[in-house]
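Enquirer: Whatever this is, show me its structure:
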Amino acid sequence: MPDQERDGLAARAVAHWADEQTRQHLQVLVEGVATLAGFEQSAILLRRGEVFEVVVAAAVSDGFVGTEAPAAAIQRELDRSDDWGAWRFVPHERVGDEVPDYSHIPDLTPLDGDDAWHPLDSLFAPLHDDHGELRGLLGVDSPRDGRIPGAEKLDILTGYAEVARTLVLLALEREELNERVRMATEAREIVRQALGEGTLDRVLAACRSTLVDCFDAVGMWLTAFDENGGTTTTSYVPGSDVEPPYDEIDDVVIRLAHRYWADQYVAPFSRSRAAQPGLPSDDADRLLGFLDRIGIGSVLFVPLGAGTECLGFLVLTRISDARGWTQVERDAALDIGRDLGSAVANARQLERERAVVDRLRKLDSYRVEVVNTLGHELRNPLFSMSANLELLDIGQLDQDARNSVEAATRGATRMRAVIDDMLTMAQMSDPRREFDPVPVDLRRVVHDVLDECAAAAEAAAVTCAADLPTGSVLVPGQPDELHRLLTNLTSNAIKYTDPGGRVTVRVRAGGGKVVTTVEDTGIGISELDQEQLFREFFRSTNPAALVRPGTGLGLAIVARIVSRHSGTIDLTSERGSGTTMAVTLPAYVGHVVNSITME
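Expert: So this is what the prediction gives:
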């Protein structure tokens with residue numbers, strides 16, 4: 001999706017959400033479905049009363065976000081649909097007449113075959129809540145291969161449907177919660193400011209001052225429970241940075257928090273109201289003694305939680321119990337306990353997500369280090385072996401011995417290729433590897449690549465040709481990486497093209513993009529193999545391909561390089577009819593691509 005279109009969608013969709021983070025999560029999801037599940041377009045619709053509204057979308061026309069569809073029309077489409085597990089499919093001949101009024105109809109020409117995708121075909125996943133109510137839809141359109149998805153693609157889509165359900169229910173929960181906050185009292189407005197914060201301290205910092213003022217309190221403290229049974233406490237007293245030893249009474253208040261959350265009860269505690277449910281007199285005396293030592297005469301004890309889980313407690317303090325806590329204050333505090341519980345749950349979830357991301361980064365870095373170490377450790381003995389093989393005087397050996405030496409030399413060459421590809425793959429996957437793009441002339445790169453591949457093409461009796469513009473075609477990137485990218489694609493095309501075949505490399509520029517295609521007349525790639533082609537160490541199931549040597553890393557390296565250059569790669573192939581690889585990269589800013597004339 002172009003940056004301008006993404007920004008436009010973000011601006012229109014953000015109005016529907018209380019926090020930008022929720023919208024971003026849903027936007028990432030629809031873009032992920034479009035990219036990873038092999039579809040050009042996707043969208044999420046949420047139910048708003050009697051209509052379904054498009055809240056986020058990927059790669060659709062301007063203005064589609066915000067489109068509304070009648071709930072009754074959506075139900076009719078569900079009634080017409082075929083049940084594909086988590087997904088529903090409505091073939092074009094069954095689509096209702098009203099559907100085009102609220103749908104984005106792609107501009108595509110159907111392919112031949114019974115499994116060809118029609119522009120009016122409809123594929124969507126109904127998203128129900130835990131009570132079975134339909135709350136939203138995840139829809140996809142325009143499969144890149146032009147075909148109705150098969151079983152394997154449906155497995156991928158099913159995973160996305162479950163993720164979409166979770167995110168949509170979370171989005172609706174946040175939306176409903178924040179709507180209550182906006183319509184409620186000043187106390188609820190306080191909590192709304194805290195919902196988007198990522199840590200407990202920031203949750204409290206967002207609302208503590210106004211919260212204390214709203215309840216006419218002198219201070220507060222908040223204790224959150226972690227998943228391992230521990231606690232984190234943060235406090236706020238205007239004009240003071242001294243934190244009392246709250247842990248002295250943790251054994252009492254933690255037990256009360258769990259009970260009071262289950263009962264949905266807020267406790268106004270002071271000497272005049274020391275008798276509270278579940279609080280023995282000895283524990284009440286301990287609490288009163290603690291409050292006396294810190295100069296507090298009255299507290300409002302508020303449990304925090306989400307669902308059935310108690311996540312902590314909030315204590316609002318007053319110096320004297322002369323003014324009691326009113327029922328209105330207690331009701332508002334209970335609402336805040338629920339809302340702050342959600343804020344604490346969100347902060348906890350974000351902490352978990354950050355921890356997972358950090359672990360994944362460390363694992364990725366570790367994998368890169370292992371591959372680098374292994375590659376370099378293998379290179380030394382391999383170099384020694386290759387050098388000794390070269391020193392052998394095979395002229396004095398008998399035929400069997402010469403055959404063995406030649407076989408060992410070929411094996412060493414293949415092993416060296418595997419090691420080189422492994423090291424390159426590690427470099428391209430290293431999250432610490434810097435990317436400092438410079439203007440690169442793809443026309444020059446293609447010439448160099450074809451010169452480099454000329455010997456291999458001649459040996460394979462394959463004709464290589466270039467179809468290039470007359471002027472420079474600049475893209476921002478790393479010259480060596482782009483050279484490796486096109487070398488891998490071109491050498492692959494040569495390797496899998498039979499003698500007498502042809503490989504053509506083309507470069508075209510326009511619309512701020514540069515498209516480089518490598519087209520061959522070779523053995524082609526089956527639809528099943530295409531789905532895994534860019535996976536590391538994948539080798540084709542085609543017997544004609546398996547007899548041709550390869551490491552299974554070449555196209556995985558290509559995919560990593562394309563990603564590092566903010567590009568895309570598209571594959572068009574049919575077994576027995578050749579293959580076309582198309583790499584699209586952004587044009588270098590400042591280069592007038594529209595003035596380029598083609599040869």
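Enquirer: helices or strands up against the strand or helix carrying Gly136?
Expert: Using DSSP states H and E, Gly136 sits in strand 134-143. Judged by 3 or more CB pairs under 8 Å, 6 or more residues apart in numbering; DSSP states H and E, strand 134-143 is in contact with helix 20-36, strand 39-48, strand 122-128, helix 151-183. (Each C-beta comes from the backbone N, C-alpha and C, glycine too.)
Enquirer: Pairing partners for it, with directions?
Expert: In the sheet containing strand 134-143, its partner strands are strand 39-48 (antiparallel), strand 122-128 (antiparallel), by DSSP bridges.
Enquirer: does Ala493 really touch Gly522, like I thought?
Expert: Yes. If you go by CB atoms under 8 Å, Ala493 and Gly522 touch, sitting 6.5 Å apart.
Enquirer: The two: who's more crowded?
Expert: Ala493 (27 against 24; other CB atoms under 10 Å).
Enquirer: Common neighbours of Ala493 and Gly522, please.
Expert: Residues within reach of Ala493 and of Gly522 at once, by CB atoms under 8 Å, 6 or more residues apart in numbering, are Thr579.
Enquirer: where does the stretch 101-250 of the chain have low pLDDT?
Expert: The model of the stretch 101-250 of the chain has pLDDT under 70 over residues 175-201, 203-204, 206.
Enquirer: on that earlier part again, closest to Thr109 out of the helices and strands packed on strand 134-143?
Expert: Counting by CB to CB, Thr109 lies closest to strand 39-48 out of those; the figure is 13.8 Å.
Enquirer: who touches that closest one?
Expert: So strand 39-48 is contacted by 26, 29-31, 33-34, 52-60, 64-65, 68-69, 71, 74, 104, 106, 134-144, 164, 168, 171-172 (CB under 8 Å, 6+ apart).
Enquirer: quick revisit: export the helices and strands packed on strand 134-143 as CSV, with columns for distance to Thr497 and mean neighbour count.
Expert: Converted to CSV, the helices and strands packed on strand 134-143 look like this (distance: least, CB to CB, whole Å; neighbours: other CB atoms under 10 Å):
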stretch, distance to Thr497, mean neighbour count
helix 20-36, 29, 19
strand 39-48, 29, 22
strand 122-128, 36, 21
helix 151-183, 28, 17
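Enquirer: Can you lay out the ones you listed as TSV showing distance to Gly576?
Expert: Below are the helices and strands packed on strand 134-143 laid out as TSV (distance: least, CB to CB, whole Å):
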stretch	distance to Gly576
helix 20-36	28
strand 39-48	26
strand 122-128	29
helix 151-183	21
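Enquirer: Mark out where each domain of this protein begins and ends.
Expert: Under the assignment automatic domain parsing, the domains of the chain span 3-179, 185-352, 354-429, 438-595.
Enquirer: which stretch in these has the least confidence?
Expert: Note on the domains of the chain: lowest mean pLDDT is at domain 354-429, with a mean of 67.
Enquirer: Let's have the strands paired with strand 134-143 in TSV, adding distance to Gln532.
Expert: Below are the strands paired with strand 134-143 laid out as TSV (distance: least, CB to CB, whole Å):
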stretch	distance to Gln532
strand 39-48	17
strand 122-128	22
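Enquirer: For Met220, which of these is the nearest?
Expert: Among the strands paired with strand 134-143, strand 39-48 comes nearest to Met220, with 35.7 Å by CB to CB.
Enquirer: Show the subsequent helix or strand relative to that closest one.
Expert: Counting by DSSP H and E, the next helix or strand C-terminal to strand 39-48 is strand 51-58.
Enquirer: Pull the residues that contact that following strand.
Expert: Contact with strand 51-58 is made by 1, 9, 13, 16, 23, 26-27, 29-31, 33-34, 41-46, 64-71, 74, 104, 136-137, as judged by CB under 8 Å, 6+ apart.
Enquirer: Then stretch 505-522?
Expert: In contact with stretch 505-522 (CB under 8 Å, 6+ apart) are residues 442-443, 446, 449-450, 464-469, 473, 475, 486, 489-490, 493-494, 496-498, 501-504, 578-587, 593-594, 596, 598.
Enquirer: hmm, 6 Å instead?
Expert: Applying CB atoms under 6 Å, 6 or more residues apart in numbering, the contact partners of stretch 505-522 are 442, 446, 466-468, 473, 475, 489-490, 493, 496-497, 501-504, 578-585, 587, 593, 596.
Enquirer: Mind checking which of the residues you listed are in helices?
Expert: Leu442, Val446, Leu489, Thr490, Ala493 (DSSP state H).
Enquirer: Now render those as JSON lines, adding distance to Asp226.
Expert: As requested, the ones in helices among the contacts of stretch 505-522 are exported to JSON lines (distance: CB to CB, whole Å):
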{"residue": "Leu442", "distance to Asp226": "53"}
{"residue": "Val446", "distance to Asp226": "57"}
{"residue": "Leu489", "distance to Asp226": "50"}
{"residue": "Thr490", "distance to Asp226": "55"}
{"residue": "Ala493", "distance to Asp226": "56"}
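Enquirer: still on that earlier bit, now the buried members of the contacts of strand 39-48.
Expert: For the contacts of strand 39-48, a neighbour count by 16 or more other CB atoms under 10 Å gives the buried set as 26, 29-31, 33-34, 52-60, 64-65, 69, 74, 104, 106, 135-144, 164, 168, 171-172.
Enquirer: Glu329: how many residues sit nearby?
Expert: For Glu329, using other CB under 10 Å, the count is 19.
Enquirer: Arg271 too?
Expert: If you count neighbours by other CB under 10 Å, Arg271 ends up with 12.
Enquirer: Got the phi and psi for it?
Expert: Note on Arg271: backbone dihedrals following degrees, to the nearest 10 are phi -60, psi -30.
Enquirer: ok, now Gly38?
Expert: phi 80, psi 30.
Enquirer: what's the answer for Val356, then?
Expert: According to degrees, to the nearest 10, Val356 has phi -60, psi -50.
Enquirer: quick one: buried residues of stretch 496-508?
Expert: Buried, per 16+ other CB under 10 Å, within stretch 496-508: Tyr496, Thr497, Gly501, Arg502, Val503, Thr504, Val505, Arg506, Val507, Arg508.
Enquirer: The fourth one and Ala461: what is the separation?
Expert: If I follow you right, that is Arg502. 11 Å (CB to CB, to the nearest Å).
Enquirer: follow-up on the earlier one: can you tell which of the strands paired with strand 134-143 is closest to Ile294?
Expert: Ile294 lies closest to strand 39-48 among the strands paired with strand 134-143, at 47.6 Å (CB to CB).
Enquirer: Dihedrals phi and psi, Asp282?
Expert: Note on Asp282: its backbone torsions stand at phi -60, psi -40 [degrees, to the nearest 10].
Enquirer: and it, how many neighbours?
Expert: Per other CB under 10 Å, the neighbour tally for Asp282 reads 8.
Enquirer: swap in Asp247?
Expert: 10.
Enquirer: I'd like the distance between it and Ser61.
Expert: 59 Å.
Enquirer: quick one: secondary structure of the residue nearest to Tyr236 when sequence neighbours are not counted?
Expert: Once flanking residues are discounted, Tyr236 sits nearest to Arg208: 4.1 Å by CB to CB, 6 or more residues apart in numbering. Of the three states, Arg208 takes helix according to DSSP: H, G, I helix; E, B strand; the rest coil.
Enquirer: count of residues packed around Arg208?
Expert: Arg208 has 22 neighbours, counted by other CB under 10 Å.
Enquirer: Thr517 too?
Expert: Counted with other CB under 10 Å, Thr517 comes out at 18.
Enquirer: Can you tell me the SS state at it?
Expert: strand.
Enquirer: Cheers, nothing more for now.
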